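In: Could you work out the structure for the sequence below:
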Amino acid sequence: MTGHIGIVACSAEGAALCYRTICLEAAAFMGEYMHPEVSMHTHPLGEYMPPIRSGDWRRVAELMLDSAEKLAKAGANLIICPDNTIHQAFDLAVAASPLPWIHIAEPVAMEAERRGFRQLAITGTKYLMASDVYPRVLKRFRIGWRTPDEQDRQVIDDIIFNELVKGVVSDESRNRFNSIIAALRKHGCDAVVLGCTELPILAGLSDPCPLPTLDSTRLLAREAVRRAIQYQPQSPG
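Out: Below is the predicted model of the structure:
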(Lines give C-alpha, C1' and ligand atoms only; values in the text may rest on other atoms or scores of the structure.)
Protein backbone atom coordinates (compact mmCIF):
# COMPACT_ATOMS: atom_id res chain seq x y z
CA MET A 1 0.00 0.00 0.00
CA THR A 2 1.36 3.41 -0.95
CA GLY A 3 0.63 6.58 0.93
CA HIS A 4 -1.77 9.25 -0.24
CA ILE A 5 0.01 12.60 -0.78
CA GLY A 6 -1.83 15.77 0.11
CA ILE A 7 -0.65 19.01 -1.51
CA VAL A 8 -1.34 22.26 0.31
CA ALA A 9 -1.04 24.58 -2.67
CA CYS A 10 -0.64 28.35 -2.72
CA SER A 11 0.31 29.57 -6.20
CA ALA A 12 -0.91 27.73 -9.29
CA GLU A 13 2.31 27.41 -11.30
CA GLY A 14 4.37 25.94 -8.48
CA ALA A 15 1.62 23.58 -7.38
CA ALA A 16 1.16 22.37 -10.95
CA LEU A 17 4.89 21.63 -11.29
CA CYS A 18 4.85 19.71 -8.01
CA TYR A 19 1.83 17.66 -9.06
CA ARG A 20 3.29 16.88 -12.47
CA THR A 21 6.60 15.80 -10.92
CA ILE A 22 4.88 13.36 -8.58
CA CYS A 23 2.74 11.86 -11.32
CA LEU A 24 5.46 11.58 -13.96
CA GLU A 25 8.51 10.57 -11.92
CA ALA A 26 6.82 8.01 -9.68
CA ALA A 27 6.45 5.66 -12.64
CA ALA A 28 10.19 4.86 -12.50
CA PHE A 29 9.59 3.25 -9.09
CA MET A 30 5.99 2.06 -9.31
CA GLY A 31 5.55 1.01 -12.93
CA GLU A 32 4.23 2.57 -16.11
CA TYR A 33 1.58 5.25 -15.55
CA MET A 34 1.61 4.61 -11.80
CA HIS A 35 1.97 7.14 -8.99
CA PRO A 36 0.73 7.55 -5.41
CA GLU A 37 -2.76 8.84 -4.89
CA VAL A 38 -2.65 12.64 -4.83
CA SER A 39 -5.11 15.23 -3.59
CA MET A 40 -4.66 19.00 -3.66
CA HIS A 41 -6.37 21.90 -1.98
CA THR A 42 -5.60 25.57 -2.33
CA HIS A 43 -7.01 28.78 -1.06
CA PRO A 44 -6.62 31.60 -3.60
CA LEU A 45 -3.23 33.29 -3.67
CA GLY A 46 -5.21 36.48 -3.17
CA GLU A 47 -6.18 35.27 0.32
CA TYR A 48 -2.58 34.50 1.20
CA MET A 49 -0.98 37.73 0.03
CA PRO A 50 -2.45 40.24 2.56
CA PRO A 51 -1.20 38.31 5.62
CA ILE A 52 2.12 37.58 3.90
CA ARG A 53 2.64 41.28 3.20
CA SER A 54 1.71 42.23 6.77
CA GLY A 55 3.73 39.44 8.37
CA ASP A 56 0.64 37.82 9.89
CA TRP A 57 2.01 34.28 9.82
CA ARG A 58 -0.66 33.02 12.20
CA ARG A 59 -3.28 33.81 9.55
CA VAL A 60 -1.14 32.13 6.90
CA ALA A 61 -0.94 29.06 9.13
CA GLU A 62 -4.72 29.05 9.50
CA LEU A 63 -5.11 28.88 5.72
CA MET A 64 -2.52 26.11 5.48
CA LEU A 65 -4.17 24.17 8.29
CA ASP A 66 -7.61 24.51 6.73
CA SER A 67 -6.24 22.94 3.55
CA ALA A 68 -4.55 20.17 5.54
CA GLU A 69 -7.78 19.33 7.33
CA LYS A 70 -9.64 19.09 4.03
CA LEU A 71 -6.89 16.83 2.66
CA ALA A 72 -7.07 14.61 5.73
CA LYS A 73 -10.80 14.17 5.11
CA ALA A 74 -9.97 13.26 1.49
CA GLY A 75 -7.77 10.42 2.78
CA ALA A 76 -4.27 11.90 2.58
CA ASN A 77 -1.57 10.37 4.82
CA LEU A 78 1.13 13.03 4.49
CA ILE A 79 1.25 16.69 3.54
CA ILE A 80 3.59 18.76 1.42
CA CYS A 81 3.43 22.44 0.58
CA PRO A 82 5.20 23.45 -2.65
CA ASP A 83 5.49 27.08 -1.59
CA ASN A 84 8.66 28.23 0.11
CA THR A 85 7.44 31.60 1.36
CA ILE A 86 4.56 30.31 3.46
CA HIS A 87 6.90 27.87 5.19
CA GLN A 88 7.46 30.79 7.54
CA ALA A 89 4.18 29.61 9.07
CA PHE A 90 5.18 25.93 8.92
CA ASP A 91 5.64 25.35 12.64
CA LEU A 92 2.32 27.01 13.48
CA ALA A 93 0.48 24.90 10.91
CA VAL A 94 2.16 21.62 11.81
CA ALA A 95 1.53 22.06 15.52
CA ALA A 96 -2.23 21.67 14.97
CA SER A 97 -2.16 19.48 11.87
CA PRO A 98 -3.94 16.13 11.74
CA LEU A 99 -1.21 14.79 9.42
CA PRO A 100 2.62 14.81 9.21
CA TRP A 101 4.30 17.30 6.85
CA ILE A 102 7.59 17.38 4.96
CA HIS A 103 9.45 20.69 5.32
CA ILE A 104 10.51 21.89 1.87
CA ALA A 105 14.05 22.77 2.97
CA GLU A 106 14.77 19.24 4.21
CA PRO A 107 15.06 17.48 0.82
CA VAL A 108 16.98 20.49 -0.52
CA ALA A 109 19.55 20.25 2.30
CA MET A 110 19.80 16.47 1.87
CA GLU A 111 20.47 16.85 -1.86
CA ALA A 112 23.06 19.60 -1.24
CA GLU A 113 24.84 17.34 1.24
CA ARG A 114 24.72 14.40 -1.16
CA ARG A 115 26.26 16.47 -3.94
CA GLY A 116 28.91 18.01 -1.68
CA PHE A 117 27.78 21.64 -1.87
CA ARG A 118 29.03 23.80 0.98
CA GLN A 119 27.62 27.30 0.33
CA LEU A 120 24.21 27.84 -1.19
CA ALA A 121 22.75 30.93 -2.81
CA ILE A 122 19.15 31.24 -1.62
CA THR A 123 16.68 32.78 -4.04
CA GLY A 124 12.93 33.23 -3.86
CA THR A 125 10.48 35.93 -2.88
CA LYS A 126 11.83 38.82 -0.82
CA TYR A 127 9.92 37.38 2.14
CA LEU A 128 11.63 34.01 1.79
CA MET A 129 15.12 35.44 1.27
CA ALA A 130 14.83 37.51 4.46
CA SER A 131 13.54 34.57 6.51
CA ASP A 132 15.11 31.65 8.38
CA VAL A 133 13.22 28.99 6.40
CA TYR A 134 16.44 27.69 4.84
CA PRO A 135 19.15 28.90 7.26
CA ARG A 136 17.79 27.00 10.24
CA VAL A 137 17.69 23.74 8.26
CA LEU A 138 21.05 24.29 6.56
CA LYS A 139 22.70 24.88 9.94
CA ARG A 140 21.85 21.31 10.93
CA PHE A 141 23.66 20.08 7.83
CA ARG A 142 26.61 22.45 8.39
CA ILE A 143 26.01 24.06 5.01
CA GLY A 144 26.55 27.80 4.54
CA TRP A 145 24.30 30.17 2.63
CA ARG A 146 24.15 33.62 1.12
CA THR A 147 21.31 35.75 -0.25
CA PRO A 148 21.36 38.49 -2.91
CA ASP A 149 21.66 42.09 -1.79
CA GLU A 150 18.48 44.05 -1.12
CA GLN A 151 18.22 45.52 -4.62
CA ASP A 152 18.63 42.13 -6.29
CA ARG A 153 16.09 40.60 -3.90
CA GLN A 154 13.56 43.12 -5.13
CA VAL A 155 14.39 42.30 -8.76
CA ILE A 156 13.76 38.60 -8.16
CA ASP A 157 10.59 39.32 -6.19
CA ASP A 158 9.24 41.49 -9.01
CA ILE A 159 9.94 38.76 -11.56
CA ILE A 160 8.11 36.21 -9.44
CA PHE A 161 4.98 38.21 -8.70
CA ASN A 162 4.71 40.20 -11.92
CA GLU A 163 5.54 37.36 -14.28
CA LEU A 164 6.13 33.83 -13.03
CA VAL A 165 3.02 33.34 -10.89
CA LYS A 166 1.07 34.35 -14.01
CA GLY A 167 2.94 31.83 -16.17
CA VAL A 168 4.95 34.54 -17.96
CA VAL A 169 8.61 33.77 -18.75
CA SER A 170 10.82 36.32 -20.52
CA ASP A 171 14.41 36.17 -21.75
CA GLU A 172 15.07 39.56 -20.14
CA SER A 173 14.07 38.29 -16.71
CA ARG A 174 16.04 35.07 -17.18
CA ASN A 175 19.14 37.09 -18.04
CA ARG A 176 18.69 39.35 -15.02
CA PHE A 177 18.25 36.35 -12.74
CA ASN A 178 21.34 34.64 -14.14
CA SER A 179 23.39 37.83 -13.62
CA ILE A 180 22.40 37.86 -9.95
CA ILE A 181 23.41 34.21 -9.59
CA ALA A 182 26.74 34.88 -11.32
CA ALA A 183 27.47 37.57 -8.72
CA LEU A 184 26.72 35.13 -5.90
CA ARG A 185 29.07 32.62 -7.49
CA LYS A 186 31.85 35.19 -7.18
CA HIS A 187 31.06 35.36 -3.46
CA GLY A 188 31.76 31.65 -3.05
CA CYS A 189 28.38 30.02 -3.63
CA ASP A 190 28.65 26.63 -5.30
CA ALA A 191 24.93 26.01 -5.94
CA VAL A 192 21.67 27.95 -5.96
CA VAL A 193 18.44 27.07 -4.21
CA LEU A 194 15.46 27.79 -6.43
CA GLY A 195 13.50 28.72 -3.32
CA CYS A 196 10.35 29.76 -5.10
CA THR A 197 8.28 27.07 -6.73
CA GLU A 198 7.99 29.16 -9.90
CA LEU A 199 11.72 29.76 -10.37
CA PRO A 200 12.36 26.40 -12.09
CA ILE A 201 10.29 27.60 -15.04
CA LEU A 202 12.75 30.49 -15.40
CA ALA A 203 16.18 29.11 -14.50
CA GLY A 204 18.30 27.18 -16.94
CA LEU A 205 15.82 26.80 -19.78
CA SER A 206 17.69 28.38 -22.68
CA ASP A 207 20.74 29.91 -21.00
CA PRO A 208 22.25 27.57 -18.40
CA CYS A 209 22.17 28.92 -14.85
CA PRO A 210 25.64 30.04 -13.71
CA LEU A 211 25.44 27.63 -10.74
CA PRO A 212 24.09 24.10 -10.27
CA THR A 213 20.47 24.36 -9.22
CA LEU A 214 18.60 22.81 -6.31
CA ASP A 215 14.98 22.77 -7.44
CA SER A 216 12.97 22.89 -4.22
CA THR A 217 9.71 21.98 -5.97
CA ARG A 218 10.93 18.81 -7.64
CA LEU A 219 13.05 17.74 -4.66
CA LEU A 220 10.03 18.05 -2.36
CA ALA A 221 7.86 16.10 -4.79
CA ARG A 222 10.46 13.32 -5.07
CA GLU A 223 10.77 13.06 -1.29
CA ALA A 224 6.98 12.83 -1.02
CA VAL A 225 6.98 9.98 -3.56
CA ARG A 226 9.72 8.19 -1.63
CA ARG A 227 7.82 8.44 1.64
CA ALA A 228 4.53 7.47 0.04
CA ILE A 229 6.11 4.32 -1.38
CA GLN A 230 7.54 3.46 2.05
CA TYR A 231 4.28 4.28 3.83
CA GLN A 232 3.14 1.77 6.41
CA PRO A 233 -0.33 2.29 7.86
CA GLN A 234 -0.44 2.31 11.63
CA SER A 235 -2.33 -0.49 13.30
CA PRO A 236 -5.38 0.67 15.24
CA GLY A 237 -4.82 0.88 18.98
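
In: quick one, what contacts the residue lying closest to residue 100 once chain neighbours are set aside?
Out: Sequence neighbours aside, residue 78 is the residue nearest to residue 100 in space, at 5.4 Å (criterion: C-beta to C-beta, 6 or more residues apart in numbering). In short, each C-beta sits where N, CA and C put it, glycine included. Counting by C-beta atoms under 8 Å, 6 or more residues apart in numbering, residue 78 makes contact with 3-6, 99-102, 224, 227-228, 231.

In: Quickly name whichever of those residues is closest to residue 26.
Out: Using C-beta to C-beta, residue 228 comes nearest to residue 26 of these, at 8.0 Å.

In: circling back: for the residue nearest to residue 100, which residues make a bridge with it?
Out: residue 5 (DSSP bridges).

In: got the contacts of residue 78 as CSV, with neighbour count and distance to residue 140 columns?
Out: Listed next are the contacts of residue 78 as CSV, based on neighbours: other C-beta atoms under 10 Å; distance: C-beta to C-beta, whole Å:
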residue, neighbour count, distance to residue 140
3, 20, 25
4, 19, 29
5, 28, 25
6, 27, 25
99, 16, 23
100, 11, 18
101, 20, 17
102, 18, 15
224, 26, 20
227, 18, 19
228, 24, 24
231, 15, 25
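
In: which ones among the residues you listed are found in helices?
Out: Per DSSP state H, helices hold the following members of the contacts of residue 78: 224, 227-228.

In: Reformat the contacts of residue 78 as JSON lines; add distance to residue 27 and pLDDT.
Out: Shown next, in JSON lines, are these (distance: C-beta to C-beta, whole Å; pLDDT from 0 to 100):
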{"residue": "3", "distance to residue 27": "16", "pLDDT": "94"}
{"residue": "4", "distance to residue 27": "17", "pLDDT": "97"}
{"residue": "5", "distance to residue 27": "15", "pLDDT": "98"}
{"residue": "6", "distance to residue 27": "20", "pLDDT": "98"}
{"residue": "99", "distance to residue 27": "25", "pLDDT": "96"}
{"residue": "100", "distance to residue 27": "25", "pLDDT": "96"}
{"residue": "101", "distance to residue 27": "25", "pLDDT": "98"}
{"residue": "102", "distance to residue 27": "21", "pLDDT": "97"}
{"residue": "224", "distance to residue 27": "15", "pLDDT": "97"}
{"residue": "227", "distance to residue 27": "17", "pLDDT": "95"}
{"residue": "228", "distance to residue 27": "13", "pLDDT": "96"}
{"residue": "231", "distance to residue 27": "18", "pLDDT": "87"}
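
In: Run through this protein and note the low-pLDDT ranges.
Out: In the predicted model of the chain, residues 204-207, 234-237 satisfy pLDDT under 70.

In: Let me see the ranges of the helices in it.
Out: Applying DSSP H to the chain gives helices spanning 12-25, 27-30, 45-54, 57-73, 90-95, 105-114, 126-129, 135-140, 150-162, 171-186, 216-229.

In: Figure out which of those helices is closest to residue 201.
Out: helix 12-25 (6.5 Å).
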